[in-house]
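Asks: model the following, please.
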Amino acid sequence: MCIQKWRDRRRLDEEIQRELMELMHNDKTLSEEQFEKLKSTDGRPSGAIFGFFKSLHMYIDRFNPKEVYITFDNGHSEFRDKLNPNYKGHRKNISIDYESLQLQKAEIMKILRYLRINYIFDKNKSYNYEGDDFLAYLVLKKFNNDKVTIVSSDKDFNQLISSSVKIFNPRKEQYVREDNCMDLFGYSPDETVDYLSLVGDKSDDIEGYPGMGPKKTRTFLDKYGSINNYLKDHDDEKMKAVYEKNRQLIDLKWYINNIHLKSLPIKKYNDKNLKLEKFKEICITYSLASFMTNNFIKVFQELKSK
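Replies: Sure thing, here's the model as predicted:
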């Protein structure tokens, strides 16, 4: 998530249920065993909280944005689940302490409020949007004239890349832009939806078109330009059905244009006064002494002073 000119805006998208454990491991100063042992004063796990804010602090300090927005998931959209009952189904079997992460997630949002960091969370699951959709809405609707950097390792966001939008992959420490997306992934930002519709997306349990792997899909797109171009001249009902289904699962632009959002469940803080006493109290509770230093707090104070 990064920006400039420029009214740098930054999106930090993390699926707490699946990716928070990886996020906290960005800090190489602690081993996995040490992370798991991090506890509050009353014995509650705090490793995810530590890792989240260690990473957030690092990215704000690194990218120097004018604004930061964090989007959280709260399960799947009902629309996508009905379209594909297996959508993201394998994630249900991931061996993590879901209850612990949910409790830490609530504390993370509390700390974000104290630090006056903007975030989006559909607490009551009433919007039929996932965290990805909220992020896409911010990029395409709310800040479509701004320079934006998305911090995420999710390749679905490649479709949002433009001359003003780039992605920073925190796992690979790598930028994805218009000029290198093809080299890194084998498709351009504009080809993202068609490419994934044909190849499929194992990370989301989306099946592609039978027999279409990366090489055949690249050849197909080089020849026809897009699936729609192909379907104009070919009566291929099977491909049409696969594309129509997968597009609704993958295409973030299609989704926000068809599943209309009446309002945004955003917690936005325009005031510049951090709630430092409350922040320090929760740091003491969760044994986060390193977050109470002036150098750590200074990064968040400077963000709010812009």
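
Asks: all helices for the stretch 51-200 of the chain, in order.
Replies: Counting by DSSP state H, counting those that start in this stretch, the stretch 51-200 of the chain has helices at residues 78-83, 98-114, 131-137, 181-185, 192-199.

Asks: Lys267 is nearest to which of those?
Replies: Closest to Lys267 of these, according to Cβ to Cβ: helix 98-114, at 6.8 Å. Where you see a C-beta, it was placed from the backbone N, CA and C, and this is true even at glycine.

Asks: contacting residues for Ser162?
Replies: Applying Cβ atoms under 8 Å, 6 or more residues apart in numbering to Ser162 gives the contacts Glu178, Pro189.

Asks: and it, how far is that from Leu196?
Replies: Distance, Ser162 to Leu196, by Cβ to Cβ, to the nearest Å: 18 Å.

Asks: next one: Asp132
Replies: 13 Å.

Asks: same question, Ser287
Replies: Applying Cβ to Cβ, one obtains 42 Å for the distance of Ser287 from Leu196.

Asks: quick one, which of these two is more surrounded?
Replies: For Ser287 versus Leu196, the count of surrounding residues by other Cβ atoms under 10 Å is larger for Leu196: 25 against 15.

Asks: pull the contacting residues for the residue nearest to the more buried one when sequence neighbours are not counted.
Replies: Distance criterion Cβ to Cβ, 6 or more residues apart in numbering; nearest residue to Leu196, sequence neighbours excluded, is Ile250 at 5.2 Å. Residues touching Ile250, when contacts are defined by Cβ under 8 Å, 6+ apart, comprise Asp156, Gln159, Thr192, Val193, Leu196, Ser197, Asp201, Asp204, Ile206.

Asks: all helices for the stretch 201-306 of the chain, in order.
Replies: Counting by DSSP H, counting those that start in this stretch, the segments of the stretch 201-306 of the chain that form helices are 214-224, 227-233, 237-250, 252-258, 276-285, 294-304.

Asks: from Asp61, how far out is Gln159?
Replies: Look at Gln159 and Asp61: by Cβ to Cβ, they are 29 Å apart.

Asks: who's more crowded, those two?
Replies: Residue environment comparison for Gln159 versus Asp61 gives the larger neighbour count to Gln159, 24 against 15, counting by other Cβ under 10 Å.

Asks: contacting residues for the more buried one?
Replies: Residues counted as contacts of Gln159 (Cβ under 8 Å, 6+ apart) are Pro189, Asp190, Thr192, Val193, Ile250, Asp251, Leu252, Lys253.

Asks: avg pLDDT for stretch 214-233?
Replies: Along stretch 214-233, the predicted local confidence has a mean pLDDT of 97.

Asks: can you get me the start-to-end distance on it?
Replies: With Cα to Cα, to the nearest Å as the measure, the ends of stretch 214-233 fall 23 Å from one another.

Asks: name the residues that touch it?
Replies: For stretch 214-233, contacts defined as Cβ under 8 Å, 6+ apart pick out 186-187, 191, 194-195, 197-199, 208, 212, 236, 239-240, 243.

Asks: repeat that with 10 Å
Replies: Applying Cβ atoms under 10 Å, 6 or more residues apart in numbering, the contact partners of stretch 214-233 are 182, 185-188, 190-191, 193-200, 208-209, 212, 234, 236-237, 239-240, 242-244, 246-247.

Asks: now list the buried members of the residues you listed.
Replies: Buried members of these, scored by 16 or more other Cβ atoms under 10 Å, are 185, 187-188, 190-191, 193-200, 208-209, 212, 239, 242-243, 246-247.

Asks: and the gap between the residue nearest to Leu196 and Ile297?
Replies: As for Ile250, its distance to Ile297 is 40 Å (criterion: Cβ to Cβ).

Asks: same check on Tyr129?
Replies: From Tyr129 across to Ile297, the span is 33 Å (Cβ to Cβ).

Asks: now do Ser287
Replies: Ser287 is 17 Å from Ile297, where distance means Cβ to Cβ.

Asks: do Lys238 as well
Replies: Plainly put, Lys238 is 58 Å away from Ile297 if you go by Cβ to Cβ.

Asks: more crowded one of the two?
Replies: Neighbours were counted for Lys238 and for Ile297 using other Cβ under 10 Å; Ile297 has more, 18 against 9.

Asks: list the contacts of the more buried one.
Replies: By Cβ under 10 Å, 6+ apart, the residues touching Ile297 are His57, Leu115, Leu274, Leu276, Phe279, Lys280, Cys283, Phe291.

Asks: Asp156 now?
Replies: Shown in contact with Asp156 (Cβ under 10 Å, 6+ apart): 132, 135-136, 192-193, 196, 201, 203-204, 206, 249-252.

Asks: among those residues, which pair sits farthest apart?
Replies: Set against one another by Cβ to Cβ, these have their most distant pair in Leu135 and Ile206, with a gap of 18.6 Å.

Asks: noted, bye for now.
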